[in-house]
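Asks: sequence isn't available, so here's the structure alone:
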């Protein structure tokens, strides 16, 4: 690493792109708007996948796989859906050397093709609920792209469920929102706010959309996961029906929910600092890096012997030993800090002698994060420290969000704060307020938090009566 | 399950399609040639993935993800490659509402786009080898499709590696062929023959292709995995170079290797019988199904209590309890046999009394596969039995292949045997022989087995001098 990263305070966006490329999380692909997820970034994604997949299975969901190509006519069956997605579609017109009779859409999301299959599979109330998730790539033709946050192709999971009643479907929608919030807070150490999206921000074809919203390091919001109650919109468009207990034909109620590679962007921007990434231990591809230090060959063998001992002691930990000889220790420290490894273990000749090692936390700068601990009991110590780091990262992110959150009761207060705060404000729900705010400040309604006291107030945007607060912020 | 499956002897192809759909492994998608992998089929794929992925990582490979779309011009850079794949391409001509300046190909395989990135990433010998694998979907526009075996879109892994020398690349090619063979034999219980493909059967753009070939239940061959030594073909086409130790610019040597959802077809056709699937325990989504049996409510609670005990005892086993009351035990037995669950545990009132259970092996019909064992020590018994089943399945498949393999020294002998045998025959390597054989018998050269004595002989197809034997067979 020759040059320092651009400091976040100088150019946050540049810092973001630099840290991703230098830490080798991702690279630009030759096709505009597409990215390559490099091994380190993909290992992070694998850990995200595992944390989510485990939770999906624990809540009764099964994985399946539906086709990449969707007939154009399918999208047209749900009016709002096609209107929302039409501008973003990639279209296959030729296959096997011939022009296709009907163009195929590369899936931007799979409600339609899955709806078609559910209509075929579901016969009776005994078949319900259907609880299926898919891990897949999707394509949305984006004008402005940004690594992980908005790319033409991205990886995600999309859950699609069908239920006998609206109540059950709503319950499922909120259950998955909880699953996302649990993953974000527990595994990604990202505090999130669960809330309802406004009419204008909801998913094309949904009755109601919910999201988890997180504050990034530049105080903008990032929607890190969404869960949609689709009502009977897709059931009616695709004829997803079942015979109820009275042998009467009913439409199903469906939901969908998704988290994507965008979550990596959330991890990077929630925790990263001017030295680089800081990865939460539960998701970090490398949890501990061991850097052996020696001056001469006499020291080398003793040091490397202790390194092997340490490696053996930390079997359950994702550990890497950096014993490359062509780099200095200082260079290595910088490199692994850039890559966000939560904990570094330094082992030098003096440590070998004293049967100790030096631990250095990535989340605490300099001396504060350093400690010298005995070799004996290292496993327990490291395991505990990784948990401590995980919690500390969450706490720090939460404190940061709280310090940058304000309440506003007037439009002027909103304008003043909204560029670099989450602004809580009463809102009447009028879309005209959103249009004005976006035009004048570029800020948007992020979500109407579920966790709030509902009492009468005045809309901070236009003065009309209102009963609930919304979060306003700049957003990715 | 109302009707019996079509017997394999009557119509193997019909049996295959029926068993897949009735066991709910997969279904036809609305787009021609595409399939939906249903939860049971996807769970099988997840186990296949895990078995392979573990082996890839153990041999030093890392996963990454490259884009779905490839510029058309990339494919043209390698002459043989584009010639091989051009007829099978799906092409995106429109994105975001506009016609694209350059059409994009939906990847049929990723040598080209990965080659482009490697050219960017690899600078010096220190960067080598690059050992990357990707789990992805690919699209090949096929005229005749068949669930799992040949679908327009399929899931697979594709490994792509770059090396400093030809020797290392060849070593890697053969190492991954060994990995595939190890997975097939150990996890899928499928005996395979490792061999070299003929010139006409090799991958478009490869110097040398290798495959593992397995015999299906109808005595046809199935290529279950391939590994290619690409020489410097793609390195030259994409300018993948490195500075060697003498600071001289050299082209890399590359390999690629892949296994796809076709492996599910191999599992189905190697082991299945007229009752349905027989899944090898290591890959089976459900390894043990427990069927409680009772007549009246008095018996029910005692039986279900024992079921819970059994469930607790078999914690490490993938187990499902079928306590549905709307189906008879006989119906359930048939259903789980159809679905290929390796081991069934029956628990009735008499068993509760005697503190025993009835075990029924899927791979052995009727009484032969049944045993009554005490509850005590059930875990060890079941674990051991699952291993026994795994081995027995492999042994049976191997014996089947051996019983249906012959040697031939004349063309007449080949013609007589090749419809329902693996035929070993000396071959001189002349592609004209392959053309003739295919025209007259539809059989093809499968592979030139690596494991054979090389000595002079006469080509069984045309009489010219030959030094090695090839396997001839009908193939999927």
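Replies: Received the coordinates, thanks. Everything numeric here is computed off the predicted structure, so don't read it as measured data.
Asks: switch to C-alpha atoms for all contacts and neighbour counts from now on
Replies: Noted.
Asks: name the element the residue nearest the centre of chain A belongs to?
Replies: The centroid of chain A falls nearest to residue A:263 when counting by Cα atoms, centre = their mean (1.9 Å). Element membership of residue A:263, judged by DSSP states H and E, is helix A:262-271.
Asks: can you check residue A:8 too?
Replies: Remark: residue A:8 resides in no helix or strand, with elements defined by DSSP H and E.
Asks: what's the distance between it and residue A:274?
Replies: Separation of residue A:8 from residue A:274 (Cα to Cα, to the nearest Å) stands at 6 Å.
Asks: now do the shared contacts for those two.
Replies: Residues within reach of residue A:8 and of residue A:274 at once, by Cα atoms under 8 Å, 6 or more residues apart in numbering or on different chains, are residue A:15.
Asks: neighbour count for those two, which is higher?
Replies: The neighbour comparison of residue A:8 against residue A:274 (other Cα atoms under 10 Å in any protein chain shown) goes to residue A:8, with 19 against 16.
Asks: got a list of what that one touches?
Replies: By Cα under 8 Å, 6+ apart, the neighbours of residue A:8 are A:14, A:15, A:16, A:218, A:273, A:274.
Asks: can you check residue A:146 too?
Replies: Counting by Cα under 8 Å, 6+ apart, residue A:146 has contacts residue A:33.
Asks: and it, bridged to which residues?
Replies: For residue A:146, the beta-bridge partners under DSSP bridges are residue A:150.
Asks: for residue A:254, same thing?
Replies: residue A:162.
Asks: what are the phi and psi angles of the most far-flung residue of chain A relative to its centre?
Replies: The outermost residue of chain A, judged against the average C-alpha position, is residue A:298 (47.9 Å), by Cα atoms, centre = their mean. Main-chain torsions, residue A:298, degrees, to the nearest 10: phi -60, psi -40.
Asks: number of nearby residues for residue A:75?
Replies: Other residues near residue A:75 come to 22 when the count uses other Cα under 10 Å.
Asks: show me chain A divided up by domain.
Replies: With domains defined by automatic domain parsing, chain A comprises A:12-271, A:288-386, A:407-473.
Asks: and the end-to-end length of the first one?
Replies: Taking Cα to Cα, domain A:12-271 runs 13 Å from one end to the other.
Asks: and the shortest one, by the same measure?
Replies: The stretch domain A:407-473 measures 12 Å between its terminal residues, going by Cα to Cα.
Asks: is chain B contacted by the helix-or-strand element of chain A with minimal mean pLDDT?
Replies: Across the helices and strands of chain A, the lowest-confidence element by mean pLDDT, DSSP states H and E is helix A:79-85, at a mean of 91. No. Using Cα under 8 Å from any Cα of the partner chain, helix A:79-85 stays clear of chain B, coming no nearer than 9.5 Å.
Asks: what's that helix packed up against?
Replies: Secondary-structure packing of helix A:79-85 (3 or more Cα pairs under 8 Å, 6 or more residues apart in numbering or on different chains; DSSP states H and E): helix A:72-76.
Asks: got the buried residues for stretch A:378-391?
Replies: Residues of stretch A:378-391 classed as buried by neighbour count (16 or more other Cα atoms under 10 Å in any protein chain shown): A:378, A:379, A:382, A:385, A:386, A:389, A:390, A:391.
Asks: oh, I was asking about stretch A:406-425
Replies: Judged by neighbour count (16+ other Cα under 10 Å), stretch A:406-425 contains these buried residues: A:406-410, A:413-415, A:417-425.
Asks: quick one: buried residues of the helix or strand where residue A:17 lies?
Replies: Assessed by DSSP H and E, residue A:17 sits inside helix A:12-22. With burial defined by 16+ other Cα under 10 Å, the residues of helix A:12-22 counted as buried are A:12, A:15, A:16, A:17, A:18, A:19, A:20, A:22.
Asks: please report how far the closest residue to chain B within the stretch 251-400 of chain A lies from residue A:279.
Replies: Residue of the stretch 251-400 of chain A nearest chain B, by Cα to the nearest Cα: residue A:326 (10.6 Å). Residue A:326 sits 26 Å away from residue A:279, going by Cα to Cα.
Asks: cool, residue A:411 as well?
Replies: Distance, residue A:411 to residue A:279, using Cα to Cα: 38 Å.
Asks: re earlier: ok and the helix holding residue A:263 relative to helix A:12-22, angle-wise?
Replies: For helix A:262-271 against helix A:12-22, the angle by axes from the mean of the first three to the mean of the last three Cα atoms, to 10 degrees is 120 degrees.
Asks: other SSEs contacting helix A:262-271?
Replies: Using 3+ Cα pairs under 8 Å, 6+ apart, helix A:262-271 sits against strand A:221-229, helix A:378-403.
Asks: mind listing the strands the helix or strand following that helix pairs with, and their directions?
Replies: Toward the C-terminal end, the helix or strand that comes next after helix A:262-271 (DSSP H and E) is strand A:288-292. Taking DSSP bridges as the criterion, strand A:288-292 sits next to strand A:319-321 (parallel), strand A:343-347 (parallel) in its sheet.
Asks: report the separation between the residue farthest from the centre of chain A and residue A:305.
Replies: Distance from residue A:298 to residue A:305, by Cα to Cα: 12 Å.
Asks: again, but for residue A:192
Replies: On the measure of Cα to Cα, residue A:192 and residue A:305 end up 44 Å apart.
Asks: the more surrounded of the two?
Replies: When residue A:192 and residue A:305 are compared on other Cα under 10 Å, the one with more neighbours turns out to be residue A:192, at 23 against 13.
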